[in-house]
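Asks: My questions are about this predicted structure, shown below with the sequence.
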Amino acid sequence: MEQTILSFYEEEKLRIEKKKKELEKKFNRIAWARLAVFLAAVILLYLGLTKRPMQELYLAGGIIGVVGFLILIRLHDGIEKKQRLLEARAMAVAAYPERLGTGWRNFTDDGSRYLQKEDTVSRDLDLLGPGSLYQMISICQSSYGKWLFSDILKDPYQLIEKRKERQEAIRELADNPEFLLDYETVVRQAFVDERKHPTRDDDAKKPGKTYHPGKIHFTALMGLLMVLVPVMNIAVIVAILIGLIQPAWILVSFLAGYIITAGCKSKLEEETKGIFSSEMTSGRIYPIFKTIQDAVFHSEMLSEIRERVSGSNGMLVAQKKLSHLADLKNLDYNPIVGMLLTGFVGWDFFLAFLAARWDRMHGEAFAGSFDIIAEMEALGSLAVLSVVRPTVIPTLSEEKKGIRFRNLSHPLLDPESVVANDGTLESPLTVITGSNMSGKTTFLRTVALSLVLSYIGAGVVADEFDSEYRRIFTSMRVQDDVMGGISTFYAEILRIKEMAEYIGKEEAVPAICLIDEIFKGTNSADRIVGAREAILRLSDKGGMVIVTTHDFELCSLTQANGKPAENHHFEEHYEDDKLKFDYTMKDGPCTTRNARALLRMAGLMGESDNEEGISSK
C-alpha cells in the first residue's frame, strides 16, 4: 500500500514540475507582449492628442492599444493564478510522503494554539500540539477549518450521533486521494496566498461569520456620480473627434472624474469592505465550491454537502458571481490600470453598485457557505490518516462489551518500527505492569487515541477494533503548577477526583479511565494504599479503569464484584547483554524489572553493584 501511495505522489510531483515550466514560458511571452503593446498605446495616444494629420486615426489606435493592453493583463493574471495554484498543489503533494514516515513532525502547524489549560486529554493523547495527530493529518488552511478540526479532536462526543455517516464520508474521501489534493489546493490558494489579499483571519481567535448580508448601501447620489463620470468623458472624446474642442480637454475631464471618484473612495470602500476586505469574499472561494460540485460522491453526508453547494439554494451561483466581481476589483491592483479606470470610468462607483446588487441577490446564500469549507477540511483531514496508514472501520456499541482489537498500532509512530498488539480488555479493572520503557504508556495512548478516532468516524490503525462507547478520562502527563501552588501529586489527585465525581453521578455514558503510573509523585507506602482505594472506586458503578504501575501489589486486587483484576504486562529480554523490548502485551502480571540495568547502562551503577531483581531472560 505504502509504495503505491508513494508512487502516486511522486508522479504527481513530476507532472506539476512539467506544468510549471510550460506556464513559465507563456508567462514570459505575454509579459513582453504586454510591454510592447503598452509602449505602442502610449505613443499612439500622444500622437492622437497632439494636432497633426491623421490625428483621429492615431487616437483610435491608442484606444485600441489600451484595450489590448487590458486584455493582455487579464491573460497574464490568469497564467499567474495558474502558477500560484500549481505552487499550492506542490505544497500539498509534498506533505504526503512526509506523513508516510516521521517527517510530518516538522510541519509548522501543530495546533498548539488551540490547546487550553483544561484540555488534559488532548495533551495526554497528543491530539494537539507538537508530535500530535493534528500536526500529522491536518490539511486545513482556513481559520474555520482549523478551529473546527481542533474542536472535533478536543470534544469527540459532539459528533457521536452522526458517526456512521461520517465514517462513510471519511472512507470515501480516503479512497479518492486525487480529490483530497484538489480540495486542499484550492483552499490553500484561497486562504494562504496573501499577494493580493493581505487581510487574513487570525488563527488565534475563533472566527465568526465575516460576511453579513444586507449591509451594503448604494445611495442615489452614488448612482448619479457613477453615471456622470463616464458620460462626461465620453462627451469630451466625442467633442474632440468632431473638432469642437482641443484634445487637451480629455486631460481636464480625466482629472475631474478622478477627483470625483477619489473623493468618494473612502465612503465606497467602507460600504463594500464586507466583500473586498475579507479573505472569505475575495472571489478565490469559487474554485473551492466548483471542486465540490465537480466531484462524484456516494456517501450520504458528502452528497448532502454537494447538494447544498450546487443545488437550488444558489450557493455556487453566489460564489461564481462574487468571483467575477472580485476579478473586476483586482484590476485596481495595477496602478496604471487603476488610475485610468478611476478617472475615465469612475470605477469605484461601479464596483459599489455591483457589490450592492450581488448582496441583494446572493448575500444570504453566501453567508451560509463558510461552514461547508470547514466541514470538508475536517473530513478530509481525518481521511488523510487512512491514506497514509492501513486502517479499519471500527465498530462501536453502547453495550458493555469491552474493547477488542487485532493488530492495533499507534498512528503517530514510525510505521517501519511500530509494534502492533492484539488483545481484549473487558474487565472493569485492568492492571498493566512492566519494566521501564517496555511500552505500557504507549499502549494506553494507543487504546485511548483509537477510541477518539472511532467516536469521530475516522479509521483506526488496526485490522479489527471493536469497543463500547465511553467518556475518556486520562491521567498521564500530569504537571505541577508552581504559580498555583499545586504539586504533581496533588494535580494527579485532582484529575482522579474528576473521574470519581463523573462516575459517581452514574451518567448515561460510562467512563473509561486511563491512568499511567498512578500516584508516582508520592512515597511507595502511601502510593499503594491510595492507588488501591482510588482504582477500586473508579472501577465501580460502571466505570472502567486501565492503570499502569510498577507496584506489583496492585495486581492482586479484587474488584467490587468479587472478581480479580485483569492483568497484562510488557517485558524486556536480553541479547548479548543488551536490553531489548518487544513492546508486545502479554497476559498476567510482569515478573521482571530493569531499573538497575538501565542505571548501569547510563553509568550510574557499577558492574559490582547488587543486581538482585535484574532479569536474565
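Replies: It's in.
Asks: make it CA atoms for all contacts and neighbour counts henceforth
Replies: Noted.
Asks: where does the stretch 151-300 of the chain have low pLDDT?
Replies: Under the criterion of pLDDT under 70, the regions of the stretch 151-300 of the chain flagged as low confidence span 193-211, 274, 276-283.
Asks: and with 80 instead?
Replies: Applying pLDDT under 80 to the stretch 151-300 of the chain flags residues 192-215, 273-285.
Asks: what's the answer for the stretch 451-600 of the chain, then?
Replies: Ranges of the stretch 451-600 of the chain meeting pLDDT under 80: 479-487, 521-526, 560-562, 573-579, 591-600.
Asks: In it, mark out all the helices, start to finish.
Replies: Assigned by DSSP state H, counting those that start in this stretch, the stretch 451-600 of the chain shows helices spanning 488-504, 524-538, 595-601.
Asks: Looking at those, which is nearest to Gly223?
Replies: The closest of these to Gly223 is helix 488-504. By CA to CA, the value is 64.2 Å.
Asks: Make TSV out of the helices of the stretch 451-600 of the chain and add distance to Val461 and mean neighbour count.
Replies: What follows is the helices of the stretch 451-600 of the chain, written out as TSV (distance: least, CA to CA, whole Å; neighbours: other CA atoms under 10 Å):
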stretch	distance to Val461	mean neighbour count
helix 488-504	28	18
helix 524-538	29	16
helix 595-601	31	16
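Asks: Adding distance to Asn106, write those helices out as TSV.
Replies: As requested, the helices of the stretch 451-600 of the chain are arranged in TSV below (distance: least, CA to CA, whole Å):
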stretch	distance to Asn106
helix 488-504	30
helix 524-538	39
helix 595-601	30
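Asks: Between those helices, which one is closest to Arg406.
Replies: Distances from Arg406 to each of these were compared using CA to CA; the minimum, 26.8 Å, belongs to helix 524-538.
Asks: quick one: that closest one to helix 488-504, angle?
Replies: Here helix 524-538 runs at 20 degrees with respect to helix 488-504, directions being taken by axes from the mean of the first three to the mean of the last three CA atoms, to 10 degrees.
Asks: what's helix 524-538 packed up against?
Replies: In this structure, helix 524-538 packs against helix 488-504, strand 544-549, with contacts taken as 3 or more CA pairs under 8 Å, 6 or more residues apart in numbering; DSSP states H and E.
Asks: out of those, which comes closest to Val66?
Replies: Across those, closest to Val66 is helix 488-504 (CA to CA), at 71.8 Å.
Asks: which residues does the most centrally placed residue in the chain contact?
Replies: The residue at the geometric middle of the chain, judged as the C-alpha nearest the mean C-alpha position with CA atoms, centre = their mean, is Cys140 (1.9 Å). For Cys140, the contacting residues are Lys146, Phe149, Glu184, Ala374, Glu377, Ala378, Ser381, by CA atoms under 8 Å, 6 or more residues apart in numbering.
Asks: Mind checking which of those residues land in strands?
Replies: Secondary structure assignment by DSSP state E places none of those in strands.
Asks: For my notes, confirm the residue nearest to the centre of the chain occurs in a strand.
Replies: No: note on Cys140: no strand contains this position according to DSSP: H, G, I helix; E, B strand; the rest coil, which reports coil.
Asks: ok, back up a step: which stretch among the helices and strands packed on helix 524-538 comes nearest Ala458?
Replies: strand 544-549 (23.3 Å).
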